[in-house]
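> this is a predicted model, with the sequence first.
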Amino acid sequence: MIQLFEHKKVIMDKYCQYPVVFYLQGGMIFNSSGLHGKKPFTTKFFLISSISETSNCMKLRLLKPSKHCSKQMILVPSETCITIDMKCICGLQFLPCIPVGECEQSPIIIRDCICAPFVILGGYKETVLWKTNLESSFSGSLKLCIEEGFHESLELRVYHQNLDEYRIYPITQKEEFFIFQECKMITMNSYVSSKKVKGLFEIEMAGEIIDEVVPTFLQ
């Protein structure tokens, strides 16, 4: 298959609109990591952008598997391009059966609206107000009313993509209103664990559901 590289013009004219997979020595499939928007991903699918006549190199655009279209899996051209030495490639396979392009279908939006009481019992320091188990992050607002146990050592912790890291929002009044972007979990924390805290919260969150399920053959 490597002999195809000797006919560079034929490849560029006939095949470069199709996704391609490259094989390395030992039959391993070549893959690379990139960014699409702000999200990192790893892929084994590429588009050939150009083939150098002098340096024996090939420029590739990374393709990101996407199920943004709920009825059809597609490969979306990413913002990341790489250059590889063709001497490292032992073979390649074009895949004209997999469509390439941006999805024209509107994204799937899920909304979460909750109005409920909360309590931090004496002896405890934290209660979870809201959390999503989906891969997508959510944005929205939180209205808070503390009915009992208000003190200056109360705070909200808002977790984003990494649940090991959070941002602190001090609670300075009995009634508060917050707006959050790209969050995965919200907790209320108290540094005075001996004091009971209770009240009401109202939360409205919305998130875009993308890439929840990718078939095994595209992974």
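Alright, I've got the coordinates.

> how far away is the most centrally placed residue in the chain from Phe138?
For the chain, the residue sitting closest to the mean C-alpha position, by C-alpha atoms, centre = their mean, is Lys39 at 4.9 Å. Lys39 is 15 Å from Phe138, where distance means C-beta to C-beta, to the nearest Å. Where C-beta positions appear, they are placed from N, C-alpha and C, glycine not excepted.

> what of Gln17?
Relative to Phe138, and taking C-beta to C-beta, Gln17 is found at 37 Å.

> look at these two and report which has more neighbours.
Of the pair Gln17 and Phe138, Phe138 is the one with more neighbours under other C-beta atoms under 10 Å, namely 24 against 12.

> so who does the more buried one touch?
Asp112, Thr132, Glu182, Cys183, Lys184, Met205, Ala206, Gly207 (C-beta atoms under 8 Å, 6 or more residues apart in numbering).

> of these, which belong to strands?
Members of the contacts of Phe138 lying in strands (criterion: DSSP state E): Asp112, Glu182, Cys183, Met205, Ala206, Gly207.

> residue ranges in the protein under the pLDDT threshold?
For the chain, the stretches with pLDDT under 70 are 1-15, 38, 67-72, 102-107, 209-219.

> how about 50 then?
Where the chain drops to pLDDT under 50, the residues are 1-3, 212-213, 215.

> mind listing the helices for it?
Assigned by DSSP state H, the chain shows helices spanning 8-14.

> now Phe178, which residues is it bridged with?
Counting by DSSP bridges, Phe178 forms beta bridges with Leu142.

> put the buried members of the ones in strands among the contacts of Phe138 into a ChimeraX selection.
In ChimeraX, this line selects whichever of the ones in strands among the contacts of Phe138 come out buried by 16 or more other C-beta atoms under 10 Å:
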select :183,205,207
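
> can you pick out the most distant pair from the ones in strands among the contacts of Phe138?
Asp112 and Glu182 (14.4 Å; C-beta to C-beta).

> pull the number of nearby residues for the residue nearest to Cys115 when sequence neighbours are not counted.
Distances taken as C-beta to C-beta, 6 or more residues apart in numbering place Glu202 nearest to Cys115, at 4.5 Å, with adjacent residues excluded. Neighbour count of Glu202, defined by other C-beta under 10 Å: 14.

> wait, isn't Asn189 in contact with Val158?
No: look at Asn189 against Val158 with C-beta atoms under 8 Å: they stay out of range, at 11.1 Å.

> quick check: Pro117 vs Ile171, distance?
Taken as C-beta to C-beta, the span from Pro117 to Ile171 is 16 Å.

> so between the two, which is more surrounded?
Comparing Pro117 with Ile171 by other C-beta under 10 Å, the one with more neighbours is Ile171, at 21 against 10.

> residues contacting the more buried one?
Residues near Ile171 by C-beta under 8 Å, 6+ apart: Leu144, Ile146, Leu154, Glu155, Leu156, Met188.

> and which of those residues is nearest Met58?
Of the contacts of Ile171, the one sitting nearest to Met58 (C-beta to C-beta) turns out to be Leu156, at 50.3 Å.

> quick check: closest non-adjacent residue to the closest one.
Taking C-beta to C-beta, 6+ apart as the measure, Leu156 lies nearest to Tyr169, with 4.2 Å between them; neighbours along the chain are not counted.

> and for Arg61?
Using C-beta to C-beta, 6+ apart, the nearest residue to Arg61 is Leu47, at 4.5 Å.

> cool, Ile84 as well?
In space, and not counting its chain neighbours, Ile84 is closest to Met58: 5.6 Å by C-beta to C-beta, 6+ apart.
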